[in-house]
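> Just to be clear, the model below is a prediction. Sequence and coordinates:
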Amino acid sequence: MDAGAAQPVLAIDLGGTQIRAAHVAPDLTVSLRRAVATDGAEGPDAVIGRICAIAAQVREDAGRSGLAEPVGVGISSPGPLDPWRGIVVLPPNLPGWIDIPLADRVQERLGLPTFLERDTNVAMMAEWRYGSARNADDAIYITVSTGIGGGIIARGEPLQGPDNTAGEVGHITIDLDGPICGDGMQGHAEAIGSGTAIARDGRLLLERGESPILAKLVAAAGGREVDAALVAAAADAGDSACTAIYERAYVAVGVLCASLVNALNPQVIVIGGSIAEHHPVLREVARSEIDSRAFPGPARRVRVTSPRFTDDVSLIGSLPIVNERMHDPAYRRATISSDDSSRGVTVGSLAAPGGGQDQLEEPR
């Protein structure tokens, strides 16, 4: 969908630490931003209350500012989730969220059609429709941040899979004897190349006394918990052990990219996220690993690039999602009228394509 043919939307980005909301116009202007701490430990009801409160504030601000009324709400959320029914299934960083009908809950409060999608798929939509992957029929978006995630466009369509887990590229195994990932499996790309993995390896250096520069930085920071930023600072200060951690992380992402090139033959791979943003050499290493590991033809074809959008990618991606899914029977959501209620009509989307499922299975 061309941005010029779209209608404005109310975009919500639900993260493990922060909830953001904004008005997104058809010209991609993101305005009236609001944010609040997620405080996920308080449980789903409290978090949903905060989501609805800041979204309502953005909507009120839009009315006062003379901006066009949003036609619907798009929610970017950690997965796994069911986008067809608008249900958050079991996100690891939101305690107590098990089969939460988030889209229905928000729609009931705001009175606008509401659609839910996994955060990395939302980012992919932003870059594919309007950004660095625009006009590509086959594209991959990879975010390298606290974790590693992704979204895939295959033959001009978003690749979702029946459980909407397609694109979970961070959980592809790249080292049979590698470290344990957060999901309990061994050797995943996320277990080596993510910010969480970098921080873990930095802490191991401290425990073994193998990084004096990192030890000094931690002490100077008042005993602050080691994170990827501290490991990077130690590397920049000349700590060879910390430099090696980052170099291994870059190669891990590059090996992942080479595997994806062989498997999916994309025209472009967009690599975003905070690690990639602060360390652009990551994309150079990924390019090198693709050239040395992937089939020559697909390797020559694929372009590795930075995203057009950074912080707003999970907001802008809701623009095409809301506009397109409002007219798609697989996702259509309608507010219950009093007449519908008396006939027992329920709020919610139609069944997922192919008949749908009563319950999504947890990823294995």
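Looks like it arrived, so ask away. Residues are numbered from 1 along each chain as shown.
> which sections of the stretch 201-350 of the chain are below the confidence cut-off?
Applying pLDDT under 70 to the stretch 201-350 of the chain flags the ranges 332-350.
> the strands in it, which residues?
268-272, 303-305 (DSSP state E, counting those that start in this stretch).
> so of these, which one's packed in deepest?
strand 268-272 (a mean of 26; mean count of other C-beta atoms under 10 Å). In this view, the C-beta of every residue, glycine as well, is placed from N, C-alpha and C.
> picking up where we left off before, tell me which of the strands of the stretch 201-350 of the chain sits nearest to residue 70.
Residue 70 lies closest to strand 268-272 among the strands of the stretch 201-350 of the chain, at 25.3 Å (C-beta to C-beta).
> Looking at this structure, which helix is longest?
Ranked by number of residues, the top helix in the chain under DSSP state H is helix 240-264.
> circling back: go through the strands of the stretch 201-350 of the chain and name the closest to residue 191.
strand 268-272 (18.0 Å).
> Mind giving me the packing neighbours of that closest one?
Here strand 268-272 touches helix 119-130, strand 139-144, helix 240-264, helix 281-293, strand 303-305, going by 3 or more C-beta pairs under 8 Å, 6 or more residues apart in numbering; DSSP states H and E.
> Could you pull out the buried residues of stretch 294-307?
Applying a neighbour-count criterion of 16 or more other C-beta atoms under 10 Å, one finds 294, 298, 299, 302, 304, 305, 307 buried in stretch 294-307.
> One more: stretch 50-57?
Counting neighbours by 16+ other C-beta under 10 Å, one finds that the buried residues in stretch 50-57 are 50, 51, 52, 54, 55, 56.
> Compile the buried residues of stretch 294-307 into JSON lines and extend it with columns for distance to residue 277.
Shown next, in JSON lines, are the buried residues of stretch 294-307 (distance: C-beta to C-beta, whole Å):
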{"residue": "294", "distance to residue 277": "24"}
{"residue": "298", "distance to residue 277": "26"}
{"residue": "299", "distance to residue 277": "25"}
{"residue": "302", "distance to residue 277": "21"}
{"residue": "304", "distance to residue 277": "15"}
{"residue": "305", "distance to residue 277": "13"}
{"residue": "307", "distance to residue 277": "9"}
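> contacting residues for residue 151?
118, 120, 121, 122, 123, 124, 125, 140, 141, 158, 167 (C-beta atoms under 8 Å, 6 or more residues apart in numbering).
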